[in-house]
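Asker: Sequence and predicted structure, then a few things I'm wondering about:
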Amino acid sequence: MKHEQIGTVRAMKSVLQTVWAVTAALAVMGGVSVRADEAHASAGEADARALHVVGTNSVVIGTIYNCNITNVPFRVVNKGTKPVVIERLKPTCSCATGTFSTNQILPGGEATITVRLDPNTIAGEFDRSVWVIADDADTPYLRLALTGTAEPLFSGVPEKSISLTAKDVGMPLTNRITLVSAAADVFLAPLTIETNGAVRMDVTVATNLAKTATYEITTVLTPLELGRQTASITLPIIGRATADPLVISFKVATGSELAAIPDRFVFTLDSQPQTFRVILRGKDARLDPAAFTSDPAVEGVSVSVVKGRRASELMVKIEVSPKGAEALYLNTNSVLQLRHPGFSPATVTFADEGDEPKKSGSRRDRLPDIFQGFSPRGKGKFSF
């Protein structure tokens, strides 16, 4: 390298070293350095934060039963130079609530915020909290959290309704459930039964004499009608005053369901008779026209039936006379039940055209107002 080039390089290094030194000095003085400004802002925010929690803001409460309501106090101090007002406490879920001893904390003062946890709807590990919202603009949010695990008092309780199916009326359906107590001092009281009246329910309970109680519950549901029925058993808990009773529900479907296609018709108050046709289907079963019935009987409305294209189909014809249309109109809930033995009925509904949402009319009606009443050729009314 020539002497002239070496001299040039040395001069450039000297200039760069001078620029770096000036930049570093400005950074120390709060100058142009972006990183220095950010670090200074972070430190300023930390210094400006008024509310602080004494100790930890997240308390581990361990394993609890889901009926154990827990209250945990948090001490919050104001390390700022101005009073801070707690505007509200915002929980992360309905199972957590908060209360405070005072909503105004003077400089150097403190308040106690109590977080109340009701774990009735919690299963397993949880992390629930309450946010403290104050008028301190720099730090409006302060999180107070409770973590742990919630266990049920009894294991084996079904999470959803137990669904059962019966081919016909009078067929008993048996189901067994095993419930095990999680504590030695927790038991079940005698149960109560509730049904919708169209199903009979018999229940037997067997228990043991072990340290923790085990209950073998056998239910027998006998449907009394075709269709869908409901039932439930309620078991109060002894040993925990805050525990809600256990509720086990059942859904019973008896017989296959008939499907009406279509299942809704719009009639008119006209002087002419009207005819509606329905395809009635039974899933994987043979339908007999002679076994078909319909109700209720409406004067002026006649129903007839013939075999369909498949053994599982019937063709239903519904004829409505002008008098029948008036009868349907006067009945605010006009329905027709289509029935066949071994099936729950299909329902066909009727509606008057005057009660239907208005659809877009003719092409003329859909035109902007400016075109209404004019012919495209300028001769008389608008026509197509």
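Answerer: Happy to help now that I have it. Residues are numbered from 1 along each chain as shown.
Asker: Please make it C-alpha for all contacts and neighbour counts, starting now.
Answerer: Noted.
Asker: Could you give the average pLDDT over stretch 86-98?
Answerer: Mean per-residue pLDDT for stretch 86-98: 92.
Asker: ugh, wrong one, stretch 172-185
Answerer: So the average pLDDT for stretch 172-185 ends up being 93.
Asker: can you check stretch 63-74 too?
Answerer: 91.
Asker: Tell me the strands beside the helix or strand where Gly98 lies, with direction?
Answerer: According to DSSP states H and E, Gly98 maps onto strand 96-100. Paired neighbours of strand 96-100 in the sheet (DSSP bridges): strand 110-117 (antiparallel).
Asker: Just the C-alphas of the strand holding Gly98, formatted as PDB.
Answerer: Extracted in PDB, the C-alpha atoms of strand 96-100 (Å, rounded to 0.1, in the frame of the first residue of the first chain):
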ATOM      1  CA  ALA A  96     -63.100 -14.400  41.100                       C
ATOM      2  CA  THR A  97     -64.100 -11.100  42.800                       C
ATOM      3  CA  GLY A  98     -62.300  -8.500  44.700                       C
ATOM      4  CA  THR A  99     -62.900  -6.000  47.500                       C
ATOM      5  CA  PHE A 100     -60.700  -3.200  48.900                       C
END
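Asker: how about that strand: buried residues?
Answerer: 96-98, 100 (16 or more other C-alpha atoms under 10 Å).
Asker: ok, residues contacting the helix or strand just after it?
Answerer: Later in the chain than strand 96-100, the nearest helix or strand by DSSP H and E is strand 104-105. The contact list for strand 104-105, computed with C-alpha atoms under 8 Å, 6 or more residues apart in numbering, reads 77-78, 83-86, 111.
Asker: One more: stretch 67-77?
Answerer: 50-54, 57, 105, 108-120, 144, 152-153, 240, 242-244.
Asker: ok, Gly255 touching Pro345?
Answerer: No: counting by C-alpha atoms under 8 Å, Pro345 is not a contact partner of Gly255; they are 9.7 Å apart.
Asker: So for these two, which residues contact both of them?
Answerer: Residues touching both Gly255 and Pro345 by C-alpha under 8 Å, 6+ apart: Gly227.
Asker: Phi and psi next, for Arg88.
Answerer: With angles defined as degrees, to the nearest 10, Arg88 sits at phi -170, psi 170.
Asker: check contacts around it.
Answerer: 132-134.
Asker: Select from those residues every entry located in strands.
Answerer: 132-134 (DSSP state E).
Asker: mind showing which ranges of the stretch 251-384 of the chain have poor pLDDT?
Answerer: Residues of the stretch 251-384 of the chain meeting the criterion pLDDT under 70: 356-384.
Asker: give me the number of residues near the residue lying closest to Gly239 once chain neighbours are set aside?
Answerer: Of all residues not flanking Gly239 in the chain, Val186 sits nearest, at 4.7 Å (C-alpha to C-alpha, 6 or more residues apart in numbering). A total of 17 residues lie near Val186 under the criterion other C-alpha atoms under 10 Å.
Asker: from the chain's centre, how far out does the strand holding Gly98 sit?
Answerer: 25 Å (C-alpha atoms, centre = their mean, to the nearest Å).
Asker: Other residues contacting that strand?
Answerer: By C-alpha under 8 Å, 6+ apart, strand 96-100 touches 89-91, 111-118, 128-130.
Asker: The residues you listed: which two are farthest apart?
Answerer: Distance extremes for these: the farthest pair is Ala111 and Asp118 at 22.7 Å, using C-alpha to C-alpha.
Asker: These two: which has the busier surroundings?
Answerer: Neighbour comparison, Ala111 and Asp118: the larger count goes to Ala111, with 20 against 17 (by other C-alpha under 10 Å).
Asker: and the gap between that one and Val77?
Answerer: 6 Å (C-alpha to C-alpha, to the nearest Å).
Asker: Ser58 too?
Answerer: 16 Å.
Asker: Same check on Tyr141?
Answerer: 14 Å.
Asker: quick one: which of the two has more around it?
Answerer: Val77 (20 against 17).
Asker: So that one lies in a strand, does it not?
Answerer: Yes: membership of Val77 in a strand is supported by DSSP: H, G, I helix; E, B strand; the rest coil.
Asker: Ala184 sits in which helix or strand?
Answerer: Per DSSP H and E, there is no helix or strand for Ala184.
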